[in-house]
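Novice: Sequence first, predicted coordinates after that:
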Amino acid sequence: MAKEVTSRADNYSQWYNDLVVKADLAEQSAVRGCMVIKPYGYAIWEKMQGILDGMFKRTGVQNAYFPLFIPKSFFSREAEHVAGFAKECAVVTHHRLMNDPDGNGVVVDPDAKLEEELVVRPTSETIIWSVYKNWVTSWRDLPILCNQWCNVVRWEMRTRPFLRTAEFLWQEGHTAHATAEEAQAKAVEMVHVYADFARNVMALPVIIGHKSPNERFAGALDTLTIEAMMQDGKALQAGTSHFLGQNFAKSFDVQYTDKEGQQQYVWATSWGVSTRLMGALIMAHGDDNGLVLPPALAPIQVVMVPIYRAEEERSAVIAKFEAVKAALEAKGVSVKIDDRDTLRPGFKFAEWELKGVPVRLAMGARDLAAGTVEVARRDDLSKETMPLEGIEEHIPALLDSIQKGIYDKAAAFRDSRVEKCDSWEEFKEKIQQGRFLLCHWDGTAETEQKIKDETKATIRCIPVDSYVCEEEGVDIYSGKPSKGRVVFAISY
RNA sequence: CGGGGUGUGGCGCAGUUGGUAGCGUACCUGGUUUGGGACCAGGUGGUCCCGCGUUCGAGUCGCGGUACCCCGACCA
């Protein structure tokens, strides 16, 4: 089984076709590199949004919304930032179409050329900081803690559904603080929110760490990341939180008067996760039968499939299901009774497995006579017939157990593929097999780049909460002194 | 932007030396079925990516275009 799973995840397009298309999450759009997220896929995203939003609000963050269009001039103020994004921006140059004078449909009206081009946001730092400038005058105005849920556009050379689409949905938080310490603490706090979400909601084990300077967000002084391992052993950056220092405050002249009456630049953070998390979910947990959704994110947690020959059996089973459904819903469990009478039970079983529904209940004439129900769990595909009596107590506990089971399985898989490595020869071989290798690094961008050139492996992070290994050693490539091990992997 | 590949019913594909398009699946109708993706019978559905050319005749050959996919480069 594990082998087949790996072979699927090995080939990106294969998992996409097997899991995403068949499970009805998304399809190719007519627009290059874009994606249509279908209702079932979007329902999963909505669950993610709802849970994350609640977590943000508990940290004092409020939602806001900023414009899609950013004047080009805003973009050129922060030099590193523009260098990082300039190559992948969609730009609006005109505001009107007209009928083609030659009769060939519609053309862009040359008279409608914009005075200043508008960039479709690839991220909103620049427009948000231009707004924050007007919100901040006193130390009493700080901190500003805003988040927005929106879409962004990055004209990537190569796109992959969910992992790197030209347009994607995300949230981006942007905070302004009076002190560096407070801003740094916020960046750390938010990466931990992401890690909690990944671990406890997505059942996705992640490593928290700092990005190396090479891998940092354009314009950041420090980038914190959560890194997850997919079933082929490749790494996926699942969320990031940046300490931006005063770079944006200085570029956009955002100053406040402190308690001593002095003008000070504010300190900033930004942090985000995107629909890429959907890709992580699919690739981390999916198996040969389709998606495996952690109960916390499943739009439908329990599906009930009635099995019957005659109408009397059908109505009797449905009646029992209705009662259980009401009892479960009272406990906050989402339930669907699949009463479609044109499909056979076996077809329904396969279909709901493809969609990753955590628990399936089946009931037929045998069960009616015996007062039982068949309970099947998606994560390990096991089935058990048990008394219908008390099932509404059993299911919530079962869902918890599945949530944990999915995490434990993913964690065991990852842990089996994380190892220390001190030999360059061994590194080159093992990194290609899909491993997270804990290696000594001399801290230089040159070494990092050479390793990337030779193996495609990058430093995923310098870990801070798990796999931390601060010990003296020598760089695996250069042989120069190192103060600790970092995580190397090949990434998506 | 380089290298490779593919465009044929909704989806997945076959199509020989050029002879006027077929299979699986899906869909529709009827019947029998229903505890792991049912079966039988009948049926609907295609300007073969576009254009030009060669030819008595092009899905097939030639030229040009175009779209998509894969591998790179690129990429919180």
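Specialist: Arrived safely, thanks for sending.

Novice: where's A:Ala43 relative to RNA strand B, distance?
Specialist: Going from A:Ala43 to RNA strand B by CB to the nearest atom of the strand, to the nearest Å gives 19 Å. The way it works is simple: take the backbone N, C-alpha and C, and place the C-beta from them, glycine included.

Novice: Show me the helices in the stretch 51-200 of chain A, by range?
Specialist: For the stretch 51-200 of chain A, the helices defined by DSSP state H, counting those that start in this stretch cover A:72-75, A:79-85, A:125-135, A:180-196.

Novice: can you tell me which of those helices the model trusts least?
Specialist: In terms of mean pLDDT, the lowest-scoring of those is helix A:79-85 (a mean of 84).

Novice: Just give me the neighbour total for A:Thr93.
Specialist: By other CB atoms under 10 Å, 12 other residues sit near A:Thr93.

Novice: was I right about it contacting A:Glu117?
Specialist: Yes: using CB atoms under 8 Å, A:Thr93 is in contact with A:Glu117, at 5.3 Å.

Novice: quick one: which of the helices of the stretch 51-200 of chain A is nearest RNA strand B?
Specialist: helix A:79-85 (4.5 Å; CB to the nearest atom of the strand).

Novice: Can you name the residues in contact with that closest one?
Specialist: Helix A:79-85 is contacted by residues A:75-76, A:122-123, A:125-126, A:154, A:217-219, A:247-248, A:251 when judged by CB atoms under 8 Å, 6 or more residues apart in numbering.

Novice: hmm, stretch A:201-218 in reach of RNA strand B?
Specialist: Yes: on the criterion CB under 7 Å from any atom of the strand, stretch A:201-218 is in touch with RNA strand B at A:211, A:215, A:217-218.

Novice: Most neighbours among those, which one is it?
Specialist: Highest neighbour count within the residues of stretch A:201-218 next to RNA strand B, by other CB under 10 Å: A:Phe217, with 24 neighbours.

Novice: And what about that one, helix, strand or coil?
Specialist: Look at A:Phe217: counting by DSSP: H, G, I helix; E, B strand; the rest coil, its state is coil.

Novice: How many neighbouring residues does A:Phe427 have?
Specialist: There are 21 residues near A:Phe427, going by other CB under 10 Å.

Novice: Excluding chain neighbours, what is closest to A:Leu381?
Specialist: Excluding the flanking residues, the one nearest A:Leu381 by CB to CB, 6 or more residues apart in numbering is A:Asn289, at 7.1 Å.

Novice: I misspoke; the intended subject was A:Ile459.
Specialist: A:Ile459's closest residue in space is A:Ser212 (CB to CB, 6+ apart), at 4.5 Å.

Novice: Quick one: residues contacting the one you found.
Specialist: Applying CB under 8 Å, 6+ apart, we find A:Ser212 in contact with A:441, A:445, A:448, A:459, A:462, A:486.

Novice: Among the residues you listed, name the ones that also lie close to RNA strand B.
Specialist: Okay, of those, nothing touches RNA strand B (CB under 7 Å from any atom of the strand).

Novice: Just want the most central residue of chain A.
Specialist: A:Leu277 (2.0 Å; CA atoms, centre = their mean).

Novice: That residue is in contact with A:Tyr194, isn't it?
Specialist: No: contact status for A:Leu277 versus A:Tyr194: not in contact, 9.4 Å apart, counting by CB under 8 Å.

Novice: Specify the beta-bridge partners of A:Leu224.
Specialist: A:His210, A:Ser241 (DSSP bridges).

Novice: Could you tell me the model confidence score at it?
Specialist: The model's pLDDT for A:Leu224 equals 97.

Novice: Quick one: residues contacting it.
Specialist: Residues in contact with A:Leu224 (CB under 8 Å, 6+ apart) are A:187-188, A:191, A:208-211, A:240-243, A:464.

Novice: How about A:Lys259?
Specialist: A:Trp139.

Novice: repeat for the one 5 residues further on
Specialist: Neighbouring residues of A:Gln264 by CB under 8 Å, 6+ apart: A:178, A:255-258.

Novice: From those, which land in strands?
Specialist: Using DSSP state E, A:255-257 are the members of these that sit in strands.

Novice: Would you mind checking those residues for buried ones?
Specialist: Listed as buried from these are A:255-256; burial here means 16 or more other CB atoms under 10 Å.

Novice: Okay, now the unreliable bits of chain A?
Specialist: When residues are selected by pLDDT under 70, those of chain A lie in A:1-18, A:102-105.

Novice: before we move on, the earlier item: format the helices of the stretch 51-200 of chain A as CSV; extra columns: distance to RNA strand B.
Specialist: What follows is the helices of the stretch 51-200 of chain A, written out as CSV (distance: least, CB to the nearest atom of the strand, whole Å):
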stretch, distance to RNA strand B
helix A:72-75, 15
helix A:79-85, 4
helix A:125-135, 9
helix A:180-196, 12
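
Novice: I'd like those helices written out as CSV, with distance to A:Leu204 and mean neighbour count added.
Specialist: Putting the helices of the stretch 51-200 of chain A into CSV (distance: least, CB to CB, whole Å; neighbours: other CB atoms under 10 Å) gives the following:
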stretch, distance to A:Leu204, mean neighbour count
helix A:72-75, 34, 18
helix A:79-85, 27, 17
helix A:125-135, 27, 21
helix A:180-196, 10, 20
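
Novice: Just send those back as TSV, with distance to A:Val273 too.
Specialist: Output for the helices of the stretch 51-200 of chain A, formatted as TSV (distance: least, CB to CB, whole Å):
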stretch	distance to A:Val273
helix A:72-75	23
helix A:79-85	18
helix A:125-135	16
helix A:180-196	6
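
Novice: so which of these gets nearest A:His285?
Specialist: With distances scored as CB to CB, the stretch of the helices of the stretch 51-200 of chain A nearest to A:His285 is helix A:180-196 (17.4 Å).

Novice: Surely A:Glu448 is in a helix?
Specialist: Yes: per three-state DSSP, A:Glu448 lies within a helix segment.

Novice: Give me the domain ranges for chain A.
Specialist: A:2-285, A:295-413, A:418-489 (automatic domain parsing).

Novice: Could you tell me how far the first one lies from the centre of the chain?
Specialist: Right, the one you point to is domain A:2-285. On the basis of CA atoms, centre = their mean, to the nearest Å, the separation between the geometric centre of domain A:2-285 and that of its chain is 11 Å.

Novice: Next: the shortest one.
Specialist: For domain A:418-489, the separation from the chain centroid amounts to 25 Å (computed by CA atoms, centre = their mean).

Novice: okay, how far is it across that domain, tip to tip?
Specialist: In domain A:418-489, first residue to last residue: 10 Å (CA to CA, to the nearest Å).

Novice: which bits of the stretch 301-450 of chain A sit near RNA strand B?
Specialist: Residues of the stretch 301-450 of chain A lying near RNA strand B (CB under 7 Å from any atom of the strand): A:307-309, A:344-347, A:349-351, A:353-354, A:360, A:362-368, A:374, A:376, A:381, A:383, A:385.
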